[in-house]
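In: how would this look folded up:
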Amino acid sequence: MKRRRAYLVLALLATAAMASLLLSLAVGSLALTPGETWQALWRGDDGMAAEVVRGLRLPRALSAFACGGLLALAGALMQVLLRNPLADPYVLGISGGAAAGALAAMLFGVSAHFGLQAAAFVGALTAMWLVFGLARGDGSWTQTRLLLTGVIVAAGCGAAVALMLSLAPDQQLRGMLFWLMGDASQAGDPLPALLILSAGMVLALYFARELNLLTRGPLLAATLGANVARLRWILYFLASLLTATAVTSVGSVGFVGLVVPHLARLALGNDQRLLLPAAMLAGGALLTLADTLARSVIAPQQLPVGVLTALIGVPVFLFLLARAPEVEAT
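Out: Residues are numbered from 1 along each chain as shown. Model prediction:
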């Protein structure tokens with residue numbers, strides 16, 4: 001019965017994900033009916049509707065879905081690995097590194113989309129390298145050491161971001177602030193993010209059994225045959241790569257990686273074989289819907305998608321805290 005319920009929840013989440021993508025293709029300054037959206041998506045004509053749907057809305061919707069899935073999957077992994085219910089994809093300072101890299105590129109006049117993405121990705125990887133390198137200390141690291149080092153690196157990146165914002169000319173400031181708050185309009189080609197999301201999900205599911213053991217504690221997991229040290233290394237770097245890819249594509253979008261894994265855990269329990277794909281689908285649907293609202297609620301103006309995810313995430317997380325005084329990650 002539990003297995004049947006879990007499959008039903010996954011089917012509903014998959015349906016919600018498809019519905020969010022179709023809604024994002026139909027809603028906008030040029031409103032389309034479901035039939036018109038379907039024709040524009042699959043027919044070979046070159047009308048305005050086809051150009052809007054295939055050329056503008058589809059890449060943006062797929063990018064938003066991929067990045068929401070990346071953040072939710074990374075958050076679910078971090079909450080298990082760090083055994084901390086407040087862990088999210090940004091806890092190791094990766095978002096701060098990406099922001100510092102992207103804003104530095106903007107400050108030096110880089111305007112090409114690929115250049116900004118490359119700078120953000122280099123910044124994210126640099127932050128990850130600093131955290132893991134500094135956290136080793138005497139040759140080993142623990143969850144506490146990683147968390148503390150991530151907080152310090154994030155604080156340093158935040159100071160660098162504040163300095164660059166204070167030095168930036170007025171004409172660049174708005175673009176910098178939009179990037180910091182999350183902006184899916186500049187996401188670009190969604191294929192790399194979708195490929196990394198697919199590969200990350202396959203790899204995470206491969207280690208799902210060992211993650212289930214790790215939720216019972218590292219000592220018990222090692223006793224039951226899990227290679228805890230190898231598992232942590234692989235999945236920490238996987239979570240970092242997922243986060244870096246998402247932040248590079250849409251900027252810093254908060255609360256998706258924190259709230260969505262908790263909601264999936266309430267619906268399905270703590271079996272990682274079910275929780276990980278559920279979190280990915282729910283995160284993708286949530287960010288797609290948030291981006292649809294961001295570009296349509298006060299059209300033609302656009303809102304930063306990170307603002308809407310925060311407005312959604314704050315009351316949801318407070319609701320979770322009200323239901324259970326101690327929200328557990330394991």
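In: Tell me where the stretch 151-300 of the chain is predicted with low confidence.
Out: 299 (pLDDT under 70).
In: which residues of it fall in strands?
Out: Here the stretch 151-300 of the chain has no strands by DSSP state E, counting those that start in this stretch.
In: hang on, isn't A124 packed against I94?
Out: Yes: using CB atoms under 8 Å, A124 is in contact with I94, at 4.9 Å. No exception for glycine: its C-beta is placed from N, CA and C like everyone else's.
In: between those two, what contacts are shared?
Out: Residues touching both A124 and I94 by CB atoms under 8 Å, 6 or more residues apart in numbering: 240, 243-244, 247.
In: Which of those residues fall in helices?
Out: Among the shared contacts of A124 and I94, DSSP state H puts 240, 243-244, 247 in helices.
In: Is S63 within a helix or a strand, and which one?
Out: Element membership for S63 (DSSP states H and E) is helix 58-81.
In: any idea how far the closest residue to P218 other than its chain neighbours lies from R216?
Out: Residue nearest to P218 in three dimensions, not counting chain neighbours: V228, with 4.9 Å by CB to CB, 6 or more residues apart in numbering. From V228 across to R216, the span is 11 Å (CB to CB, to the nearest Å).
In: got the contact list for the spatially most central residue of the chain?
Out: Relative to the mean C-alpha position of the chain, the nearest C-alpha, by CA atoms, centre = their mean, is the one of L71, at 2.0 Å. Residues counted as contacts of L71 (CB under 8 Å, 6+ apart) are 89, 242-243, 246, 253, 256-257, 260, 283, 287.
In: Name the nearest of those residues relative to R54.
Out: Among the contacts of L71, L287 lies closest to R54 (CB to CB), at 20.6 Å.
In: CA atoms only: put the helix holding S63 into PDB for me.
Out: Output of helix 58-81 as PDB, limited to C-alpha atoms (Å, rounded to 0.1, in the frame of the first residue of the first chain):
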ATOM      1  CA  LEU A  58      10.300  26.900 -24.300                       C
ATOM      2  CA  PRO A  59      14.100  27.500 -23.700                       C
ATOM      3  CA  ARG A  60      13.300  29.700 -20.600                       C
ATOM      4  CA  ALA A  61      10.700  27.200 -19.200                       C
ATOM      5  CA  LEU A  62      13.100  24.200 -19.600                       C
ATOM      6  CA  SER A  63      15.900  26.200 -18.000                       C
ATOM      7  CA  ALA A  64      13.700  27.100 -15.100                       C
ATOM      8  CA  PHE A  65      12.600  23.500 -14.700                       C
ATOM      9  CA  ALA A  66      16.200  22.200 -14.900                       C
ATOM     10  CA  CYS A  67      17.500  24.700 -12.400                       C
ATOM     11  CA  GLY A  68      14.600  24.000  -9.900                       C
ATOM     12  CA  GLY A  69      15.300  20.300 -10.200                       C
ATOM     13  CA  LEU A  70      19.000  20.900  -9.700                       C
ATOM     14  CA  LEU A  71      18.500  23.000  -6.600                       C
ATOM     15  CA  ALA A  72      16.000  20.600  -5.000                       C
ATOM     16  CA  LEU A  73      18.100  17.500  -5.700                       C
ATOM     17  CA  ALA A  74      21.200  19.200  -4.300                       C
ATOM     18  CA  GLY A  75      19.200  20.300  -1.200                       C
ATOM     19  CA  ALA A  76      18.000  16.800  -0.600                       C
ATOM     20  CA  LEU A  77      21.500  15.400  -0.800                       C
ATOM     21  CA  MET A  78      23.000  18.100   1.500                       C
ATOM     22  CA  GLN A  79      20.400  17.600   4.200                       C
ATOM     23  CA  VAL A  80      21.200  13.900   4.300                       C
ATOM     24  CA  LEU A  81      25.000  14.300   4.100                       C
END
